[in-house]
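> no FASTA, just this:
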């Protein structure tokens, strides 16, 4: 597989949210605004790239039977680093993402890539894979966040598009996340069928 | 390169090395971010104080002291002074009566107890409903605003409970909780003050312990 295919599959063909349906907890939980979705996506991207990198480096030294615990320790370390860094330098974003940052550890997407890709491929491909998957995840979260923010509170990235009073509150709440995600997936499946 | 075999020794060694490296790098990161995290928190606190009692020239964060409310909650009180005179106090108040969990607010009171401004610091209320309290009680519309009111002469409860404040549409519980936090701040502050007057003792500990 060429590196470009390896990178671009994360956006469309194997998009974590739209196709693999991995990482639903942050997808539904933090996408009430576009900026939260983007922040969460980028934090996950960092963890994905770094954990793929480390896993690809150490995969030969790790006995098969302790593979999963080793990967989880690596992932948890990077998540904690992200958490502390965000708390120090972007406290506002940290406040709004809150509990969901530590929960990146249990995002199946991260462990899934470490297990299914990085532990079987070389360093370069693993980094490219992590970057593609992470950015695809960020894109999906930002799209979902934009739709929910626009329909729910009449804003886009915090800029007012129309008065909030006309917004449909349901899109800010959890059920709106399911509805918006469902329509998005239906739409993307339709596009894929035609392509 | 051959894969390491899954013998007990190998497994224990691998996990030991991985956890040690992880622990060491986390300790390093902790040391690195400790300062900035504390600075960010202090800056946030300072900004909140500045918003609720503008115009001070001391450092309220340093002169902060603790009060205990009747309910046993600990409130942080930041005296705001200009040229040595008290122009107001910022009180970090909280309530557990929110729709989901604790609500923490910073409220600015003039020395006589009337409300200057407030800011919501922490909450877990429903997005789009309870979250509106961040601006709702500052907006001068109908009977929403509590700015400039005095908790003693104005009945600061929601109109459903016979008070004179309009609750947030569809978020009466959050509104009640918010006003409860305001009440706690005011009552604790005035009680603390009258204690100080009686004892004619400005010692912080004396007033706070009551």
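In hand now; what should we look at? Computed from a predicted model, the values in this text were never measured in an experiment.

> and chain A, which residues reach chain B?
Within chain A, the positions lying close to chain B (CB under 8 Å from any CB of the partner chain) are A:32, A:58, A:60-66, A:69-70, A:73-74, A:76-77, A:80-81, A:84-85, A:87-89, A:91, A:152-153, A:167, A:169, A:172-173. Heads up, the C-betas are built off the backbone N, CA and C, glycines and all.

> Of these, grab the buried ones for PyMOL.
A single PyMOL command selects the buried members of the residues of chain A next to chain B (16 or more other CB atoms under 10 Å in any protein chain shown):
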select buried, chain A and resi 32+58+62+63+66+70+73+74+76+77+80+81+84+85+87+88+91+152+153+167+169+172+173
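
> Please narrow the residues of chain A next to chain B to those residing in helices.
A:58, A:69-70, A:73-74, A:76-77, A:80-81, A:84-85, A:87-89, A:91, A:152-153 (DSSP state H).

> show me what contacts residue B:18?
Residues near residue B:18 by CB atoms under 8 Å, 6 or more residues apart in numbering or on different chains: A:58, A:70, A:73, A:74.

> what about 10 Å?
Residues near residue B:18 by CB atoms under 10 Å, 6 or more residues apart in numbering or on different chains: A:54, A:58, A:61, A:62, A:66, A:69, A:70, A:71, A:72, A:73, A:74, A:77.

> what does residue A:77 give?
Contacts here follow CB under 10 Å, 6+ apart; on that basis residue A:77 touches A:47, A:50-51, A:54, A:105, B:18-19, B:21-26, B:29.

> Read off the pLDDT value for it.
Among the per-residue scores, residue A:77 holds a pLDDT of 93.

> What's the separation between the residue of chain A most remote from its centre and residue A:153?
The C-alpha centroid of chain A is most remote from residue A:165, which lies 30.6 Å away (CA atoms, centre = their mean). Shown here: residue A:165 relative to residue A:153, a distance of 10 Å by CB to CB, to the nearest Å.

> Over to residue A:22?
Distance from residue A:22 to residue A:153, by CB to CB: 28 Å.

> biggest helix in chain B, by residue count?
Counting residues, the longest helix in chain B under DSSP H turns out to be helix B:8-52.

> Where does pLDDT dip in chain A?
A:1 (pLDDT under 70).

> now the helices: where do they sit in it?
Counting by DSSP H, one finds helices in chain A at the ranges A:3-8, A:24-29, A:34-58, A:67-89, A:91-97, A:108-113, A:123-153, A:174-194.

> for those helices, which one sits closest to residue B:14?
Each of these has some distance to residue B:14 by CB to CB; the shortest is helix A:67-89, at 6.4 Å.

> what angle do the closest one and helix B:8-52 make?
Relative orientation of helix A:67-89 versus helix B:8-52 (axes from the mean of the first three to the mean of the last three CA atoms, to 10 degrees): 20 degrees.

> Residue A:62 contacts residue B:10, correct?
Yes. The pair residue A:62 and residue B:10 qualifies as a contact (CB atoms under 10 Å) at a distance of 9.0 Å.

> Need the overlap of contacts for these two.
Jointly contacting residue A:62 and residue B:10 under the rule CB under 10 Å, 6+ apart are residue B:4.

> For the residue lying closest to residue A:72 once chain neighbours are set aside, give me its contacts.
Excluding the flanking residues, the one nearest residue A:72 by CB to CB, 6 or more residues apart in numbering or on different chains is residue A:111, at 6.8 Å. By CB under 10 Å, 6+ apart, the residues touching residue A:111 are A:22, A:51, A:55, A:68, A:71, A:72, A:74, A:75, A:105.

> Residue B:67 sits in which helix or strand?
Residue B:67 belongs to strand B:65-68 when assigned by DSSP states H and E.

> That strand: what's the following helix or strand?
strand B:74-82.

> That following strand: partners in the sheet, and parallel or antiparallel?
Here strand B:74-82 is paired, per DSSP bridges, with strand B:65-68 (antiparallel), strand B:85-95 (antiparallel).

> worst average pLDDT in those?
Of all the strands paired with strand B:74-82, the minimum mean pLDDT falls on strand B:65-68 (a mean of 80).

> Any idea how far that one is from the middle of the chain?
Mean-position distance between strand B:65-68 and its chain equals 13 Å (CA atoms, centre = their mean, to the nearest Å).

> Buried residues of it, list them for me.
Buried residues in strand B:65-68, counted by 16+ other CB under 10 Å: residue B:67.

> Wait, residue B:57 touches residue B:50, no?
No. Residue B:57 lies out of contact with residue B:50 (CB under 10 Å); the separation is 11.3 Å.

> Name the residues contacting each of these two.
Taking CB under 10 Å, 6+ apart as the criterion, residue B:57 and residue B:50 both touch residue B:80.

> Pick out whichever of the two has more residues nearby.
Each of residue B:57 and residue B:50 has its neighbours counted (other CB atoms under 10 Å in any protein chain shown); residue B:50 has more, 16 against 10.

> got the contact list for that one?
Residues near residue B:50 by CB under 10 Å, 6+ apart: B:56, B:60, B:80, B:90, B:108, B:119.

> Checking my notes, the first one in a strand, right?
Spelled out, that is residue B:56. No. According to DSSP: H, G, I helix; E, B strand; the rest coil, residue B:56 belongs to no strand; its state is coil.

> Next up, phi/psi of it, please.
The phi and psi values for residue B:56, taken as degrees, to the nearest 10, are phi -90, psi 160.

> Touching, it and residue B:116? I think so.
No. Judged on CB under 10 Å, residue B:56 makes no contact with residue B:116 at a distance of 11.3 Å.

> any residues in contact with both of those two?
Going by CB under 10 Å, 6+ apart, residues that sit against residue B:56 and also against residue B:116 are B:80, B:87, B:88, B:90.

> Endpoints of stretch B:123-137, how far apart?
Length of stretch B:123-137, first residue to last, CA to CA, to the nearest Å: 15 Å.

> What's the mean pLDDT across that stretch?
The average pLDDT for stretch B:123-137 rounds to 79.

> Now find how far off-centre that stretch is within its chain.
The answer for stretch B:123-137 is 15 Å, by CA atoms, centre = their mean.

> again with stretch B:148-165
Here the centre of stretch B:148-165 is set off from its chain's centre by 21 Å, with CA atoms, centre = their mean.
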